[in-house]
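Undergrad: Coordinates only, no sequence provided:
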């Protein structure tokens, strides 16, 4: 971003330290303590918003501002507790758990806010560093129980494309029942795992889901388990299935497709555990106009589930914009380009300055 200064050394130290601190969802205390220490060293005031007995959100600036930047400090569980990063790789890449999702975004938000505060714009925007996004979203829920900003900008990895659309999400639990028997005589029982697998096979072949990766709903079988241990035919088996739904498609039609695909399978129980509709915001929204005015181009749709769904459901227009690529999130070898983290910090600062000025809010 031409003309926008970023203290790159400070940003690098912050980002590197955030990735070094292991912070799986529900166990964010250490990374929160580090952030408090960092902010104190910078002379930057912050607020603490309790979420549960040990966990809390960190708030900067004005949480009811016209624009609040939102980042989650938690990650999924590490794939290797002995080696989860960070580490430098070739061609400007930094590898490590949470680099793309979304400690790169969090570091860029904080750096942008420090720059805005130095300009006297510390109350023009807000920052919410929340916990719990990778599990039940309790950090975002706590924030929204108390505050209603004008707009939210969620720093999930979008390759720095502003997402005005957001996919919806269905979490489906499918359970199969059978009859237990000794594993050496399976014909004397009814294998719940086999029933479940037959149902899942039918589901993946359903016309609505057979084109995964295109413009239709995206189905993922996330977890499978049987409930009885030992050398036996399982009497119960359970699967959890994720369905990400483009904003133009109603969740009701997807529920019907899931139910229809499983209708002929024996012994299955289907429960829709989580339902979050997708949405699409107006491309002539003032924030989109500011985004284009500071030198950016097209817009897109975020293909996953995020805290933005919660903000939107609570009546806060929620856009998604962050460094990194979604395809690297939650994956072994998660990575981000360092240059894009720097670019994100400059972009956030430019957006905060321009949008804050447009809304007429200043102050420290």
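TA: Perfect, thanks for sending it. Values in this document were obtained by computation on a predicted structure and should not be read as measured data.
Undergrad: tell me the average confidence for stretch 115-132?
TA: Stretch 115-132 carries an average pLDDT of 96.
Undergrad: longest helix of the protein?
TA: Ordering each helix of the chain by length in residues (DSSP state H) puts helix 338-359 first.
Undergrad: Show me what counts as buried in that helix.
TA: The neighbour-count check on helix 338-359 (16 or more other CB atoms under 10 Å) flags 338, 340-356, 358-359 as buried. Placement of C-beta: from N, CA and C, glycine included.
Undergrad: Now do the residue nearest to residue 312 when sequence neighbours are not counted against residue 15, distance only.
TA: Nearest residue to residue 312 in three dimensions, chain neighbours excluded: residue 318, at 4.7 Å (CB to CB, 6 or more residues apart in numbering). Per CB to CB, to the nearest Å, residue 318 is found 24 Å from residue 15.
Undergrad: what do you get for residue 98?
TA: Using CB to CB, residue 98 is found at 10 Å from residue 15.
Undergrad: who has more neighbours, the two?
TA: Higher neighbour count among residue 98 and residue 15: residue 98, with 34 against 29, using other CB atoms under 10 Å.
Undergrad: residues contacting residue 11?
TA: 107, 108, 111, 341, 342, 345 (CB atoms under 8 Å, 6 or more residues apart in numbering).
Undergrad: Shouldn't it be within a strand?
TA: No: counting by DSSP: H, G, I helix; E, B strand; the rest coil, residue 11 is not found in a strand; it is helix.
Undergrad: For it, which non-adjacent residue is closest in space?
TA: residue 111 (4.4 Å).
Undergrad: hey, where'd the strands end up in the stretch 1-150 of the chain?
TA: Remark: strands assigned in the stretch 1-150 of the chain by DSSP state E, counting those that start in this stretch are 47-50, 56-61, 67-72, 87-88, 93-95, 126-130.
Undergrad: Let me have these in JSON lines, adding distance to residue 282 and mean neighbour count as columns.
TA: Below are these laid out as JSON lines (distance: least, CB to CB, whole Å; neighbours: other CB atoms under 10 Å):
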{"stretch": "strand 47-50", "distance to residue 282": "30", "mean neighbour count": "13"}
{"stretch": "strand 56-61", "distance to residue 282": "26", "mean neighbour count": "24"}
{"stretch": "strand 67-72", "distance to residue 282": "16", "mean neighbour count": "30"}
{"stretch": "strand 87-88", "distance to residue 282": "41", "mean neighbour count": "12"}
{"stretch": "strand 93-95", "distance to residue 282": "35", "mean neighbour count": "19"}
{"stretch": "strand 126-130", "distance to residue 282": "22", "mean neighbour count": "28"}
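Undergrad: Which one of these lies nearest to residue 274?
TA: Closest to residue 274 of the strands of the stretch 1-150 of the chain is strand 67-72 (CB to CB; 17.1 Å).
Undergrad: got the contact list for the closest one?
TA: With CB under 8 Å, 6+ apart, strand 67-72 has contacts from 61-62, 102, 105-106, 109, 112-113, 124-134, 139-140, 147, 149-155, 287, 307-308, 311, 318, 348, 351-352, 355-356, 359.
Undergrad: Show the average pLDDT along that strand.
TA: pLDDT averaged over strand 67-72 gives 98.
Undergrad: Strand partners (parallel or antiparallel) of that strand?
TA: Pairing partners of strand 67-72, with direction, according to DSSP bridges: strand 126-130 (parallel), strand 151-154 (parallel).
Undergrad: between that strand and strand 56-61, how many degrees?
TA: Interaxial angle, strand 67-72 versus strand 56-61 (axes from the mean of the first three to the mean of the last three CA atoms, to 10 degrees): 150 degrees.
Undergrad: any idea which element the nearest residue to residue 161 once chain neighbours are set aside lies in?
TA: Distances taken as CB to CB, 6+ apart place residue 300 nearest to residue 161, at 4.6 Å, with adjacent residues excluded. Using DSSP states H and E, residue 300 maps to strand 299-302.
Undergrad: contact partners of that strand?
TA: 156, 158, 161-167, 246-247, 280, 283, 288, 291, 308, 320, 326.
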